[in-house]
Every structure is written in structure tokens, then in C-alpha cells.
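> Here is a sequence together with a model predicted from it:
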Amino acid sequence: VVSSDLVTIALVYPTVLGLYGDRGNALVLAHRARARGLRTEMLVIDPGEAVPRHADVYLLGGGEDLAQARVVELLRDDGGVAAAIRRDAPMLAVCAGFQILGRSFPAAGGIVAGLDLVDVVTEPGQPRSVGELATIPVGLGIPMLTGYENHGGWTTLGPGVEPLGRVVHGVGNRPGAGTDGCRVGHLFGTYLHGPVLARNPALADLMLQRATGMSVLPPMDDTWVEALRAERLGTLGLR
Ligand code: GLN
């Protein structure tokens, strides 16, 4: 939590964990912060560079199986993501980014050990989960989340791990579970691409509130975002 008006956004390994434009989540956070008169600093971390220890918010995106297996080793050696989760820094981890925080995930025809920071396990599943995903966030007081998913992994939450949302369209964590992602303190895991913060400004603002410690953010004009949301939810028969 910052006491100044500078919001530091750490985008972790976007060159590797950047599937489906997930780096857009960082742009959305920066844009919405600046619209509220806050200053922003974007820290784009390449593999081989240290993950900053004192960012206000951390973003991890999706990635291909092999990339994921490589990245998990680098992140384990670096320790910065683990430190951020230990101090309960706001973090958004999408798809591969979410899977690698767990105990294990499939890659290269085998099972790879994850960072073991969250009690979730991902196994290979068939068929691949591809398409629109809509969920109702659990206990966050924000409206339905929309995005799309594209993953081969099936994720099981350990006992005591809350999902980020209940699935109303699509698959999410695994067929039959009816849940998407996880919510552990200020960490959100999810299978939602979109980028998810572009599609869901309320989630972006919630992360911004947690990153800044501001209990209220001044409203901003989301006319076009809301029009697009309505259209997308309409195609799913959810509006
Ligand atoms: N490689 C992982 C899977 O297929 C994650 C894919 C992604 O990040 N979209 O399950």
C-alpha cells in the first residue's frame, strides 16, 4: 500500500507470460490510475531481471506449456513473486500465471512442480477448454466477470481456497467444478483472458483500490466499456 500518489505496477515476464494480450491488464491499471490523478510507474520485468520487491501490484499472464515450465524455474530462483504473495501484495495471475503458482501443472508431456504458493493443482484435461467464460465473483461485491478461456489444464482448488468466481458460462477451473480461479488474500487467479481488466473495469478498480489503499476511487467515464460489456453478455444470453 502506497502513501504517495505513485502506483507501481510490476508486469512479470510479459515476453513469455503474455499470451492473448494479457499485458493489456497493466495498461488498463495504469490508465485507470491516471484518470484518477495518480501517477504510475510501469516496471516491465524480462526473464533474467529481478522481480521488484516493493511494487504496489503484480501482474502475470498466460503462456504456452513449455514457456510455463521455464518460467517457473526462473521465478523460483528469483523469489520475488513468492515474497509479494507472502506480504499479500495485490496480484493478478491469469491462466498459465495462475497455474504456476500452484503445486504442479502439466507441460512437455509430464507434470512440472509449481511455485507451491497457493494450494491448487493442475492436471492435463481433454478436451481443451476454449471459448467465452463468464463468472459471478464470490464475496467481492462487483458485477459479473467476462472474458475468454483457452487452456488444456484442469485445476483443482485445495480445501480452504476460495474461487474468484462461480461459472455461469464456459468451463473455468475444470469441467463440473463450476468455479473459476482463486482468491487468496489480495491474490486473484483466473482463467479469464480479455484482457480481463479491460473487460471488467470493476475488477481493475478493486485491484487499484487495494494497490493504493484508497477506499473510494473517483468515478470515470466507462460508457464504451459498459456498452461492449452489454453486447458481450448479450451474446451469451446473460443480459
Ligand atoms: N498452457 C496452459 C494450458 O494450456 C495455459 C494456457 C494459457 O495461459 N492460456 O493449460
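Thanks, I have it. Numbers count the residues shown, from 1 in each chain.

> Would you pull up the residue in this protein closest to the ligand?
G62 (2.6 Å; C-beta to the nearest ligand atom). All C-beta spots, glycine's among them, are computed from the backbone N, C-alpha and C.

> Could you give the number of residues near that residue?
Residues near G62, counting by other C-beta atoms under 10 Å, number 25.

> who does it bridge with?
Per DSSP bridges, the residues bridged to G62 are L19.

> Need the pLDDT of it.
Turning to G62, the model gives it a pLDDT of 96.

> what does R239 give?
Looking at R239, its pLDDT is 81.

> For it, list the residues it contacts.
Shown in contact with R239 (C-beta atoms under 8 Å, 6 or more residues apart in numbering): A230, L233.

> packing partners for the longest strand anywhere in the chain?
Looking across the chain with DSSP state E, the single longest strand is strand 120-137. Strand 120-137 is packed against helix 96-99, strand 104-107, strand 145-157, strand 165-169, helix 223-235, with contacts defined by 3 or more C-beta pairs under 8 Å, 6 or more residues apart in numbering; DSSP states H and E.

> How about the last one, which residues are buried there?
Using 16 or more other C-beta atoms under 10 Å as the burial criterion, the residues of helix 223-235 that qualify are V225, R229, R232, L233.

> shouldn't the first one be in contact with P201?
It stands for V225. Yes - the pair V225 / P201 is scored as a contact, 5.4 Å apart, by C-beta atoms under 8 Å.

> could you dump the longest strand of the chain to CSV, C-alpha only?
Only the C-alpha atoms of strand 120-137 are listed here, as CSV (Å, rounded to 0.1, in the frame of the first residue of the first chain):
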residue,chain,number,x,y,z
VAL,A,120,-4.1,-25.6,-6.3
VAL,A,121,-3.2,-28.5,-8.6
THR,A,122,-3.5,-28.5,-12.4
GLU,A,123,-3.6,-31.7,-14.4
PRO,A,124,-3.9,-32.3,-18.2
GLY,A,125,-7.6,-32.4,-19.3
GLN,A,126,-9.4,-33.3,-22.5
PRO,A,127,-10.9,-31.6,-24.4
ARG,A,128,-9.2,-28.2,-24.2
SER,A,129,-11.4,-25.5,-22.6
VAL,A,130,-11.9,-22.8,-25.3
GLY,A,131,-14.4,-20.1,-25.5
GLU,A,132,-16.2,-17.3,-23.7
LEU,A,133,-16.1,-17.6,-19.9
ALA,A,134,-18.4,-15.6,-17.6
THR,A,135,-18.4,-15.8,-13.8
ILE,A,136,-20.1,-14.2,-10.8
PRO,A,137,-17.3,-13.1,-8.4
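
> Count residues in the vicinity of L11, would you?
By other C-beta under 10 Å, the burial measure for L11, its neighbour count, is 25.

> Please name the bridge partners of it.
Residues in beta-bridge contact with L11 (DSSP bridges): V44, L59.

> ok, the residue lying closest to G194 once chain neighbours are set aside to L217 distance?
Nearest residue to G194, sequence neighbours excluded (C-beta to C-beta, 6 or more residues apart in numbering): G147, at 3.9 Å. From G147 across to L217, the span is 22 Å (C-beta to C-beta, to the nearest Å).
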